[in-house]
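> Take a look and give me a structure for this.
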Amino acid sequence: MRAQEFLAELWTQPYELTSRVTGPANLEYYFDTKDNRSGRIVFDSFLDSDQGGTHVVLVMVHFYIDNLYRTSGKGDAVAIFSTVVAACRDYLRRYRPPVVVFETDDDKKRNLYVKLSGMFPDYVLYPNWRKDPVVGDEILDSLTDGVPEDAVVLHRRDYVPEKTRVYIEDELHENTNDLDSLKEACENWMEMYFDADDINTILTHPYSQQFKQPPAGIEKLYRGLVVAGGKVKAVPGKSNRKFVAYATHPYGAEAFLASLDVGGRKVIIEKQFNPADFVLDFTGLYESLFPQHGIHNHYETEYEVWMRATRYYQSASEQEIVSDTAWGQTDDGEPGRGNL
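Okay, here's the model as predicted:
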């Protein structure tokens, strides 16, 4: 395939993405291929601080299919690399790092990285960056010294050391040593023993502000509910007058239902995602605060986001049910896991 044809296809064929923040300016994006393999795109940032604040100086990009570092060879390279492009665009829009490094020991993947570099107009490819110093910035020079020679390196066109740095908002780093109240509030929410003060802490704490942007690629939302008296009803404890908790993946809604000690038929409904009603990426916040998932020894991610408590997100109907869970019935009427 010629380069121009390849780039043209990259505009139209990405897989659906979700994402979570794993640290300051560190993100991971997730997707599933058409044959149900799991993809993960990882952005590891190197930070520096000066009198202006904290900024990203370099980001390393890696992606994996079923936790394998090499290309799959299953004929879906365009779709996978379209998805990598979509994730890169989202990350570069947020943080505008001066240098982006695609590191790989796979020749096929390296060639594709060179091709996809043309998808980012604000960045220029440096094929011989070892011989041609990237920007002359001492910090960048010291970092790029540790990058393998066969890495694919991009440099932001307008970057001038100390003049065009893009600073991470101060609230991402203020009071990060005073997280006890936030952690306690998040744990109370997870255990469904929270009160109004806990909700206020979660929504207003400076550390939470970085999670008020929706994860990339959301189109659908899922919510675990119970059916009683012929009506689909909310499970107490996962909504209030301000917001309603949803999952960005059906497995998240199922994990929530699995944690409940309530009887009856349990179902999962599907809603459209409206970015204007997004409130918080709670799972991103929680997993950033608790890399070991706090007190939850059997923790399973619920892909939880909070949506404004509009009439649409508060309501539910039988027509919106996309799956009965393992505690209900499958489509053929037999007990067991439904259509996830």
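
> going forward, measure contacts between C-alpha atoms and count neighbours the same way
Fine.

> Tell me the spacing between the residue nearest to D66 when sequence neighbours are not counted and F31.
Leaving aside its sequence neighbours, D66 sits nearest to S38 (CA to CA, 6 or more residues apart in numbering; 5.0 Å). For S38, the distance to F31 (CA to CA, to the nearest Å) stands at 6 Å.

> Compare the two (neighbour count), which wins?
More crowded of S38 and F31, by other CA atoms under 10 Å: F31, with 22 against 15.

> can I assume that one sits in a strand?
Yes: under DSSP: H, G, I helix; E, B strand; the rest coil, F31 sits within a strand.

> List the contacts of it.
Under the criterion of CA atoms under 8 Å, 6 or more residues apart in numbering, the neighbours of F31 are Y15, E16, L17, T18, S38, G39, R40.

> could those residues go into JSON lines alongside pLDDT?
Below are the contacts of F31 laid out as JSON lines (pLDDT from 0 to 100):
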{"residue": "Y15", "pLDDT": "85"}
{"residue": "E16", "pLDDT": "84"}
{"residue": "L17", "pLDDT": "85"}
{"residue": "T18", "pLDDT": "82"}
{"residue": "S38", "pLDDT": "83"}
{"residue": "G39", "pLDDT": "86"}
{"residue": "R40", "pLDDT": "86"}
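
> Out of the residues you listed, list just those in strands.
T18, S38, G39, R40 (DSSP state E).

> before we move on, back to that, mind checking which of the contacts of F31 are buried?
Y15, E16, L17, T18, G39, R40 (16 or more other CA atoms under 10 Å).

> Quick check: closest non-adjacent residue to the fifth one.
When you say that, I think you mean G39. I65 (4.5 Å).

> The residue lying closest to F194 once chain neighbours are set aside: which element?
In space, and not counting its chain neighbours, F194 is closest to N188: 4.8 Å by CA to CA, 6+ apart. Using DSSP states H and E, N188 sits in helix 180-191.

> Mind pulling up the pLDDT for T330?
T330 is assigned a predicted lDDT (pLDDT) of 39.

> if we can go back for a sec, and which of the contacts of F31 is nearest to A87?
Proximity of the contacts of F31 to A87 (CA to CA) peaks at L17, which lies at 7.6 Å.

> List the buried residues for stretch 305-325?
In stretch 305-325, counting by 16+ other CA under 10 Å, buried: 305-309, 313-314, 316, 321-325.
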